[in-house]
Structures are given as structure tokens and as C-alpha cells.
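Enquirer: Pasted the sequence and its predicted model underneath.
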Amino acid sequence: MVKARRGYRCSACGHEAAAFAGRCLNCQAWNTLEQYQDTTRPGPTARVGREGALPATTVRLDQVPNEPGRRMSTDIPEFDRVLGGGLVPGSLILVGGEPGIGKSTLMLQAAARLAALGRTVAYVCGEESPRQVRLRASRLGIDGPGIILIPETNLDSALAAAEAAGVDALIIDSIQSVYVEGLETRFGGPAQLSEAGARLVGWAKGTDIATILTGHVTKAGEVAGPRLLEHLVDAVLYFESAESGALRILRAVKNRFGATDEVGVFEMTGEGLKSVDNPSSAFLADAGTHAAGCAVTAIIEGSRPLAIEVQALAVPSSLANPRRIASGLETSRLHLLLAVLARRGGHGAGNLDVVAAVSGGLRLRDPGADLAVTVALASAIEDRPVVPGTAFLGEVALSGAIRPVQQAPRRLAELARMGFPRAIVPRSTPPTPGIAIVPVATMREAIAAAFSE
Ligand code: TYD
Ligand code: MG
């Protein structure tokens, strides 16, 4: 194995010099500097030279096993759904969310279920003492054989302990509470996080141990922390929730082993997080009041349709610039839909403060909910409820046209299942059994149909 190092010399006399200010120090010739490979003296730069690198192992694509690998079910249906069917050995998963949303609770529950299925699980509790974890476990009804606690904040020591214990899965709660030795930077700071992430990727792949990290995202949306790890890890799951309320939504924003945008719906109870079997009815639990400003729609989250309610309120403002408050949808989307509603729908919110929210704390990303948001706003502005039992599907164009939505039949089927007899839909929507559809082309038509049978 020849190691080479790059050197510099004078092409006229061969004199070797590192600092060669234009003129050879030996023969005084100008501009004779040349680079050469010095194979006699392997130096610290040897790895940089192409010739010196060890060739990496190569694999022919057709010889790679054509199967996803055995997944470990966590036995928590909604968690498995978001993971894409379970934990893949050797994968690295980030679970992020605001403090107190339920990350540690879910981790401990997953650890208990995995242990009950005969897996060995290690839990690095960098944030809490083993006693605190034990207290939470007993609250959750977990007595915990098969769960090994590692109360350690030194990442390398924790990983070595997990490996020595021969675990199938490792949980690190949280990534901000462990540190990499030798880095003279702030605890939990960006340099620490990136280094820890890089080490963990290599470790998880090398040991084939499924590894889950939790990470805090602060309320103010300061995401510099866990977001730094997003590109490194195999899957990124974020918890969402309403300010109040017990529903917790776990969303896959990245998943190398499953669908993105898949959501798991949980309820936080006295005995920890419970998977919600029928999310639409959970989201509609506080709906159905037939109040002014409410409109129901069905959105597609990952692989399933969910019925949700959009709620809006409009009150006279005492401000020169009336307020626009959006929860669960982008404020810019609210501004846009208010503008279209004013210009194309004939309902201006001029000097009204407007608040819009989505039931259950879900974050709306699906443009198919535009029409429901717009109708909720119109209903709030007019202080008049929509016809009971009516749901809305449609994307709203700036022209006021109602555009088709993806997977309309599945959305309509979900609305029919939830007991909605009538839906106002974009024109080309095919009929679906169990629900009467009212096709509309423009926002004016949609609003007219919303307020009269
Ligand atoms: P936790 O999992 O500690 O949050 P995180 O790790 O994301 O910071 O959750 C803490 C909250 O959950 C706390 O407010 C109490 C509540 N909780 C319950 O309602 N029921 C339970 O069974 C448990 C364990 C916690
Ligand atoms: Mg925690």
C-alpha cells in the first residue's frame, strides 16, 4: 500500500520548498513551482491524495437483498403506522416536539412493548434520573423487565454500554442531553448535535441496532436543534398538538422506509398515550355544533382520509390593522383566502379581527381544505351557520375557481362514514355512494350552496 503525500518543488533545480514566494529560493528562477506526489514520505495528508486512499468495498446492485429487512413492530398501532410498519434494524429515527408534548412517554411505552415482545431495549435517560423514569413507568403500568436504563450523558460511553448489553433497540432521550467528548463547544449546541448525529448514523448502521432519538423543538419555533439532524437520520417524526386538548399527532416529515406525511393520532390519557382508532370522530368530537363559522372537510394525511372541522370567528376590530390569527394553518394562507373571498366571493373582512383554527390541533397542509376554510370564514363574517350536514372539498384558485382535489372518492367515503349526507365539491368530482354531491365551479356558487339546500 503506497501512501503518497503532495509536495511542491522547483521544476528547474528540483529544490523542495513549501513557501515559494514566486521565485525559487535555491536557483532564483521565477515561476517554476510544481506539485508532485512524494511517495517516499507518507505524511498526514496521505489520505487526501487519491492514490493513497484505501479502495472502498463495492456491491453490485443486483446482489443486494431485495427486501426491506425484518421490521420490529412496536405493538403501538399508530406509532407503527408512522414508522411505515415498525422499526427497521440499523435505522436512526428522530422524534421531535415541544417540551411536555409526550415524547418521553411514547418512548417508554414503545420500549415496554418491544420488551414484552422479547426484544432487549436500552433507554439512555440523559434528561431524567432513573428514579424519575421508574416513576413514569409505574404511572404507565410498566414494570420494565427487558428495559435497560443507561443514565449517561457521554454519548460514546452510552453507545458502548448499549452494544455491550446486546440490545435490539436503543432510545436516546434526548439528543440535546448527550455530549460528544473532545468537542469544546456548547452542550446541546449545533456542533455537538451534528457530531453526535454523525456518530449515531455510523453506529446504528454498523451495529444494526434501531436507534430512536428524541429532540426538543421550542414553542417559539426555534428549530435550529433537531432540524440540524434531519438530513442525517432515516426518519423524522414530529409531534403536533393543540394548545389545549389531549389529541397528539405524530407526523412523518421524512421517512426512508415508509410514506411521508403519514400521521399517527394519539390521545394523552392518565395512563399515557393511547392510539386513536377512529381519528375522524376524535377530530369531529368538538364539532357538529352547527355554529356559525364552522365547516367540515376531509383531508388526506399520508395514506388515510381524515374528517376535520375548520372554525373561524370574525369580530369588529378596534385596530387600524385588524388582526389575523391562524392556528393549524399558515397565516399567509389565511390572508390569501380572505383576499379571494373578499374579491371573488363578495364577503370582505375589512375591519374585522379574524381567527381561524383547525380542530384537534392538526396542521393543515392539504390545499383540498381551502374551500372549507373559505366557507368557514364567509359563515363567520355573515354570522350565519352553513346548512347542517354539509361538508366541503375543493382547492381555491386566485380567480375564485374551485379546483379538483386529489383522491376525492376516498374523502367523500370518509365523510359519508362520518354521517355527512351532503358535500359541496369541485365540478369534475365523480359521485360516491352514501353522500349527495353538489358540484360547483366558483366560490360564489359554493357559498350560495353552503347557505341553502
Ligand atoms: P413527556 O413525555 O414527559 O413529554 P416530553 O418528553 O415531550 O417533554 O410528557 C409529559 C406530559 O404528559 C406531562 O404534562 C404529563 C403528561 N402525561 C399524562 O398526561 N399522562 C401520562 O400517563 C404521562 C406519563 C404523562
Ligand atoms: Mg422528555
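Expert: Cool, the structure landed. Since the model is a prediction, treat every value here as computed from it, not as a measurement. Ligands and ions are numbered 1, 2, ... in the order given.

Enquirer: and residue 447, what does it touch?
Expert: The neighbours of residue 447, taking CB atoms under 8 Å, 6 or more residues apart in numbering as the test, are 345-347, 374-375, 378. For the C-beta atoms, the positions are set from N, CA and C on the backbone; glycine is no exception.

Enquirer: Buried ones only from these, please, as a PyMOL command.
Expert: PyMOL command restricting the contacts of residue 447 to the buried ones, with burial defined by 16 or more other CB atoms under 10 Å:
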select buried, resi 345+347+374+375+378
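
Enquirer: Mind putting the contacts of residue 447 into JSON lines with distance to residue 87 and secondary structure?
Expert: Supplementary listing: the contacts of residue 447 in JSON lines, determined by distance: CB to CB, whole Å; DSSP: H, G, I helix; E, B strand; the rest coil:
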{"residue": "345", "distance to residue 87": "48", "secondary structure": "coil"}
{"residue": "346", "distance to residue 87": "53", "secondary structure": "coil"}
{"residue": "347", "distance to residue 87": "50", "secondary structure": "coil"}
{"residue": "374", "distance to residue 87": "41", "secondary structure": "helix"}
{"residue": "375", "distance to residue 87": "42", "secondary structure": "helix"}
{"residue": "378", "distance to residue 87": "46", "secondary structure": "helix"}
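
Enquirer: For the one residue in the stretch 201-350 of the chain that gets nearest to ligand 1, what are phi and psi?
Expert: Minimum separation of the stretch 201-350 of the chain from ligand 1 (CB to the nearest ligand atom) falls at residue 272, amounting to 4.0 Å. In terms of degrees, to the nearest 10, the main-chain angles of residue 272 are phi 90, psi -160.

Enquirer: and it, what does it touch?
Expert: Residue 272 touches 105, 108-109, 139-140, counting by CB under 8 Å, 6+ apart.

Enquirer: So which of those residues is the closest to ligand 1?
Expert: Nearest member of the contacts of residue 272 to ligand 1, counting by CB to the nearest ligand atom, is residue 105, at 3.4 Å.

Enquirer: pretty sure the closest one is in contact with residue 142, am I right?
Expert: No. Applying CB atoms under 8 Å as the test, residue 105 and residue 142 come out as separate, 10.6 Å apart.

Enquirer: Run through the helices of the stretch 51-200 of the chain in chain order.
Expert: Counting by DSSP state H, counting those that start in this stretch, one finds helices in the stretch 51-200 of the chain at the ranges 77-83, 103-116, 130-139, 155-164, 190-207.

Enquirer: Just give the number of residues close to residue 421.
Expert: As a burial measure, residue 421 scores 13 neighbours (other CB atoms under 10 Å).

Enquirer: Nearest residue to it in space, ignoring adjacent ones along the chain?
Expert: Spatial nearest neighbour of residue 421, chain neighbours left out: residue 389 (4.9 Å); criterion: CB to CB, 6 or more residues apart in numbering.
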